[in-house]
Each structure stands twice: as C-alpha cells, then as structure tokens.
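> A structural model of the following input is requested.
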Amino acid sequence: MWSAFANPHKFLKFSAVAAPLFYGAGALCILWGLWQGLWIVPKDEYQGGDIMRVMFIHVPAAWLSMASYSGLAVASFIWFIWRHELADIAAKAMAPLGAVWTALCLATGSVWGKPTWGTWWQWDDARMMSVLFLLFLFLGYMALRASMDSRQKAARAGAILAMVGAINVPLIKFSVDLFTSLHQPASVITADGPKMAAVYLTPLLVSGLGHALLFGGLVMTHMRTEIRQRRIARLTASALEG
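From the prediction side, this is the model:
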C-alpha cells in the first residue's frame with residue numbers, strides 16, 4: 001500500500017477507491033458522534049450545561065487543526081530533503097483544509113467561551129493566540145506559494161515556512177500548562193490517560209475519527225486534482241514546444 005504514496009499513477013488508483021471509503025466512513029462517524037453529543041449524552045453543569053455540547057465539534061476541529069499542520073510540516077520536510085513531488089502535492093492540498101478546520105476551531109471555541117468564560121475572545125490568552133497564529137500560518141503558506149513565479153520556488157518557500165512554523169504545534173498543546181489561559185487543561189490526551197467520563201469520551205473519539213477520515217478523503221481528492229492539473233500543464237507545454 002505504501003507504494004501508492006510514492007508513485008502518482010499508483011496513488012490515483014489507490015485514492016479512487018480509498019477516498020469514497022473515507023468520505024462514507026467519516027460521515028457516519030461524524031453523524032453518530034453529533035447525534036450522541038447533541039441529543040443523547042447528559043449535559044455537564046460543570047462545563048456550562050448544554051453549551052458544552054459544542055465540544056463534539058470544537059475538540060475534533062482543534063485536533064485536526066494541529067494534526068493537519070503537522071502533516072503539512074512533515075510533507076514539506078519530505079519534499080525539501082528528497083524532492084518527492086507527491087509530498088509537495090500533499091502539502092499544498094492540506095493547507096486550505098487545515099485553515100478551514102482551524103477557523104472552525106476558533107469559531108466554536110468562541111461560541112463555547114462566551115457563556116462559560118463571559119467573553120468571546122481574550123487577546124492575552126496563550127491558547128487562543130497560538131491557535132490564531134496557526135490560522136495565519138496556513139493562510140501565509142497559501143499566500144506565499146501563490147506569490148511565487150514558479151512551482152519549484154513555491155514549493156521551496158512553502159516548505160521552509162511550514163517547517164519553521166511547526167514549532168507552534170507543541171506550543172498550542174502545552175500553552176495551558178506553560179502560560180496563563182482561560183482554557184481548561186487537557187482531559188483526553190494526558191500522561192495519566194483520559195480524565196473524561198466514557199459517556200463523553202466515546203462519542204468525542206468517534207467524532208474525531210470521523211473528522212480525520214473526512215480530512216483524509218478531501219486531501220486525496222485535492223491531490224488527485226493537482227496531479228491531473230500538472231499532467232495537463234506538462235502536456236500543454238510539450239504540445240506548444242512541438
């Protein structure tokens with residue numbers, strides 16, 4: 001299977017089957033997680049009552065925002081060291097999707113924060129500002145690539161920015177432990193294991209899996225489009241030269 005990620009032709013064959021499966025499984029997981037989270041699980045008065053149900057959207061979006069940037073940085077590193085074109089295509093595909101999930105994380109966090117903390121936004125909050133900076137990194141990556149006059153320059157400049165910006169990911173994770181923040185400490189991924197009751201944890205994890213599968217399907221679709229566009233560009237250039 002791993003050869004499918006090293007050869008564009010094999011990747012197109014693999015993703016033609018995998019992408020629809022990812023979409024279907026992702027949709028089922030997200031819908032089940034939302035059904036459980038919005039209507040079935042009991043409300044938690046400690047977390048603000050019914051408003052805590054936004055957790056089943058906010059937390060998976062937060063996970064995907066960090067995971068997508070990590071994937072972007074890893075793909076950029078692979079391209080930078082080995083000049084693997086599929087790695088650059090993957091990085092380019094992940095950037096706009098990561099920006100969408102990061103924006104969703106910020107929006108749902110504000111919705112949750114207003115009744116819980118009494119404010120939509122806190123400018124001196126380390127977690128909020130580091131996630132906002134992550135959104136700017138995604139947008140900056142896309143803008144930087146678009147400003148370059150060649151694909152190789154765009155890939156190189158984008159890869160450098162992505163790798164340098166990766167330091168922000170652990171900063172987001174540990175910001176609530178290192179700095180003052182309104183945000184509560186981690187309750188799922190901790191050194192001592194999950195601190196959340198199973199009635200909340202199970203649908204949250206299923207929803208998170210659904211978001212990951214949907215993200216994977218969208219990345220493969222974007223990559224398929226980019227591969228075909230590059231092939232068309234090469235064929236057009238060859239025809240013009242001939």
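> all contacts plus neighbour counts: C-alpha atoms, from now on.
Will do.
> Return the residues in contact with the closest residue to residue 121 other than its chain neighbours.
In space, residue 121 comes closest to residue 110 once its chain neighbours are excluded; the distance is 6.4 Å by CA to CA, 6 or more residues apart in numbering. For residue 110, the contact set (CA atoms under 8 Å, 6 or more residues apart in numbering) comprises 119-121.
> Name the residues of the host helix or strand of residue 110 that come out as buried.
Take DSSP states H and E as the rule and residue 110 turns out to sit in helix 85-117. Buried residues in helix 85-117, counting neighbours by 16 or more other CA atoms under 10 Å, are found at 85-99, 101-106, 108-113, 116.
> What is the helix or strand of the chain with the lowest mean pLDDT packed up against?
Within the chain, confidence by mean pLDDT, DSSP states H and E is lowest for helix 168-178 among all helices and strands, at a mean of 89. Counting contacts by 3 or more CA pairs under 8 Å, 6 or more residues apart in numbering; DSSP states H and E, helix 168-178 packs against helix 55-82, helix 126-147.
> so how far is residue 32 from the closest residue in space to residue 60 that isn't next to it in sequence?
Spatial nearest neighbour of residue 60, chain neighbours left out: residue 208 (4.6 Å); criterion: CA to CA, 6+ apart. Remark: distance between residue 208 and residue 32 (CA to CA, to the nearest Å) = 11 Å.
> More neighbours: which of the two?
residue 208 (25 against 17; other CA atoms under 10 Å).
> Can you give me the distance of that one to residue 55?
11 Å.
> Counting neighbours, which bits of stretch 11-18 end up buried?
So stretch 11-18, judged by 16+ other CA under 10 Å, has buried residues 11-12, 14-15.
> What's the mean pLDDT across that stretch?
Taken as a whole, stretch 11-18 has a mean pLDDT of 96.
> now it: how far from the chain's centre is it?
21 Å (CA atoms, centre = their mean, to the nearest Å).
> CA atoms of that stretch as PDB?
In PDB, the C-alpha atoms belonging to stretch 11-18 read as follows (Å, rounded to 0.1, in the frame of the first residue of the first chain):
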ATOM      1  CA  PHE A  11      -1.800   6.900  -6.000                       C
ATOM      2  CA  LEU A  12      -4.500   7.700  -8.400                       C
ATOM      3  CA  LYS A  13      -5.600   4.100  -8.500                       C
ATOM      4  CA  PHE A  14      -5.500   3.800  -4.700                       C
ATOM      5  CA  SER A  15      -7.200   7.000  -4.000                       C
ATOM      6  CA  ALA A  16     -10.000   6.300  -6.500                       C
ATOM      7  CA  VAL A  17     -11.100   3.500  -4.100                       C
ATOM      8  CA  ALA A  18      -9.900   4.900  -0.800                       C
END
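> what ranges of the protein fall below the confidence cut-off?
1-4, 45-48, 191, 242 (pLDDT under 70).
> Longest helix in it, by number of residues?
Using DSSP state H, we find that the single longest helix of the chain is helix 198-241.
> helices or strands up against that helix?
helix 8-35, helix 55-82, helix 85-117.
> Rebuild the ones you listed as TSV, extending it with distance to residue 199.
Formatted as TSV, the helices and strands packed on helix 198-241 follow (distance: least, CA to CA, whole Å):
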stretch	distance to residue 199
helix 8-35	11
helix 55-82	12
helix 85-117	20
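> which stretch among those helices comes nearest residue 166?
Nearest to residue 166, of all the helices and strands packed on helix 198-241, is helix 55-82, at 6.2 Å by CA to CA.
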